[in-house]
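> Sequence plus the predicted model coming up.
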Amino acid sequence: MLHYKAAAPMVTRRLFSSQQLNPIKWGILSAGRIASDYAKAITITDGAVASAVAARCPTKAKEFATLHGIDKSYGCYHDVINSPEVDVVYIATTADHHFEWAKQSLLAGKPTVVEKPMTLRLADTKELIDLARQNNTFLMEGMWTRCFPAMHKLRQIIAAGELGRIVYCQGDFGWKFPANNLDDRIWYKESGGVTLDIGMYCAQIGRVAFPSASLKDVRATGTVKNGVDYSVMATVRYQQEDEAEDGLLQFAVTGAANTEERLVIQGTKGRAILDAPFHVPERLRVSKDQGRGETEEVVYDYPLPNDPFEVWNNPGSIGFYHQINEVGKAVKEGRNECDSYTWNDSLEVALIVDEIVDQVRGEGNDVSSSGACRQQ
Ligand SMILES: NC(=O)C1=CN([C@@H]2O[C@H](COP(=O)(O)OP(=O)(O)OC[C@H]3O[C@@H](n4cnc5c(N)ncnc54)[C@H](OP(=O)(O)O)[C@@H]3O)[C@@H](O)[C@H]2O)C=CC1
Ligand SMILES: O=C1OC[C@@H](O)[C@H](O)[C@H]1O
């Protein structure tokens, strides 16, 4: 049996609301692809404006500012960080530069959102979080998936015990890496690879499914191409409080294929499915167990806002709207963390990612030259 719940309302613009009169002013570091999508999402979000952008080349920054209707453009990232016209800094550089610029931003006392991954290694993520704590400054890793209403509903359902004890989560995420462009950030030796790029979307679900559990074990195997982890199968084990059985998370991520991108959370009383593409979740399906082979399904739909743009660099980027709203609210309320994705979330996912990258790259299964086999 299938029940539909009312869809969430589409975004409506309220003219002259207090938020619009006193918007959060975002400063953007870099004029790359995701920076452009983020700037567009800001324009459809009540209570937020992009007030400044910096790129390494001032002409590129100026062009970006003109395209997105941003007042100020600079050829130096420090100028955005130090601008009194900026309330929150959004760091959208390639991941190998996140640590250094997030550190500068925090040292300047600016609320800071760092695109995922926050840094390349757990130790660096920890250093940034320690700095934010010492400086009493807002810091968030841009795990925007957590800010979608479908994800909030999922957490509510799990907390209410509707699925029973969660037994396992299983997910996949894959997109075809640009095989003919080895200059693309995805192939950078330090910051590229499938785990840092999309594995972390799967890894983050562990703390949603097992919120009070502790990480027990991470095992991964996979292939390496051009020096970066390319296809990965990972299993993560969680020690659950007051439970004899460990919770399990398993996922496959790949740069070789566009996969379905679906996430299943299986509990003893039923399952929740975040339909494709789960990293931009618009639909949550909850099936309650009614006996073997029989379920009752409730569908929760949360459509993305109306889209005034024809082209985005990444599908679904209009959904940044939710993160932009949540960050604005947290900063206005004087909080240093976003409840949807906390510092502890970032630390645990960074630990999982470290483990996977080390294990898979350490195996030496490079498929780029030989086409298949393990190197001896
Ligand atoms: N949340 C999401 O859905 C997505 C997030 N991302 C994340 O966003 C980040 C950026 O990705 P994306 O926009 O696709 O990347 P791009 O390659 O399009 O842009 C990255 C920017 O990094 C800047 N940069 C700074 N220093 C360097 C350097 N030494 N070498 C190269 N670039 C440098 C450049 O800025 P400048 O303009 O100043 O020259 C460039 O424009 C990554 O962390 C990625 O994981 C990416 C896609 C989707
Ligand atoms: O964050 C991301 O989500 C969507 C992917 O296509 C992209 O490569 C990645 O960076």
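Happy to help now that I have it. Numbers count the residues shown, from 1 in each chain. Ligands and ions are numbered 1, 2, ... in the order given.
> Flag every residue of this structure that's near ligand 1.
Within reach of ligand 1 by C-beta under 6 Å from any ligand atom, the chain has these residues: 30-35, 55-56, 60, 92-95, 97, 115-116, 142, 144, 185, 197, 314. Quick note: C-beta positions are derived from backbone N, CA and C, even for glycine.
> ok now do residue 50, which residues does it touch?
By C-beta atoms under 8 Å, 6 or more residues apart in numbering, the contact list for residue 50 reads 25-28, 39, 42-43, 68-70.
> Just send these back as JSON lines, with pLDDT too.
Shown next, in JSON lines, are these (pLDDT from 0 to 100):
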{"residue": "25", "pLDDT": "98"}
{"residue": "26", "pLDDT": "98"}
{"residue": "27", "pLDDT": "99"}
{"residue": "28", "pLDDT": "99"}
{"residue": "39", "pLDDT": "98"}
{"residue": "42", "pLDDT": "98"}
{"residue": "43", "pLDDT": "97"}
{"residue": "68", "pLDDT": "98"}
{"residue": "69", "pLDDT": "97"}
{"residue": "70", "pLDDT": "98"}
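> Spatially nearest residue to the closest residue to ligand 2 within the stretch 1-150 of the chain (excluding sequence neighbours)?
Shortest the stretch 1-150 of the chain-to-ligand 2 distance, computed as C-beta to the nearest ligand atom: residue-wise this is residue 116, at 6.0 Å. Spatial nearest neighbour of residue 116, chain neighbours left out: residue 142 (5.1 Å); criterion: C-beta to C-beta, 6 or more residues apart in numbering.
> Go ahead and confirm the one you found touches residue 115.
Yes: using C-beta atoms under 8 Å, residue 142 is in contact with residue 115, at 4.7 Å.
> Spit out the residues that contact these two alike.
Residues touching both residue 142 and residue 115 (C-beta under 8 Å, 6+ apart) are residue 90.
> PyMOL command to pick out the buried ones of the residues of the chain next to ligand 1?
The buried residues among the residues of the chain next to ligand 1 can be selected in PyMOL (16 or more other C-beta atoms under 10 Å) with this line:
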select buried, resi 30+31+32+34+35+55+60+92+93+94+95+97+115+116+142+144+197
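> Can you flag which of the residues of the chain next to ligand 1 belong to strands?
Those of the residues of the chain next to ligand 1 mapping onto strands are 115, 142, per DSSP state E.
> quick one: residue 354 is in a helix?
Yes: under DSSP: H, G, I helix; E, B strand; the rest coil, residue 354 sits within a helix.
> Please name the residues that touch it.
Residues in contact with residue 354 (C-beta under 8 Å, 6+ apart) are 121-122.
> ok, back up a step: out of the contacts of residue 50, which one sits closest to residue 294?
Minimum distance to residue 294 across these is 46.4 Å, recorded for residue 42 (C-beta to C-beta).
> residues of the helix or strand containing that closest one that come out buried?
Per DSSP states H and E: residue 42 is located in helix 33-43. Neighbour counts over helix 33-43 (16+ other C-beta under 10 Å) mark 34-42 as buried.
> Mind giving me the packing neighbours of it?
Secondary-structure packing of helix 33-43 (3 or more C-beta pairs under 8 Å, 6 or more residues apart in numbering; DSSP states H and E): strand 24-29, strand 48-54, helix 58-68, helix 320-332.
> What pLDDT is listed against whichever residue of the stretch 251-376 of the chain sits closest to ligand 1?
Residue of the stretch 251-376 of the chain nearest ligand 1, by C-beta to the nearest ligand atom: residue 314 (4.4 Å). Looking at residue 314, its pLDDT stands at 97.
> That one reaches residue 37, doesn't it?
Yes: Residue 314 lies in contact with residue 37 (C-beta under 8 Å); the separation is 5.8 Å.
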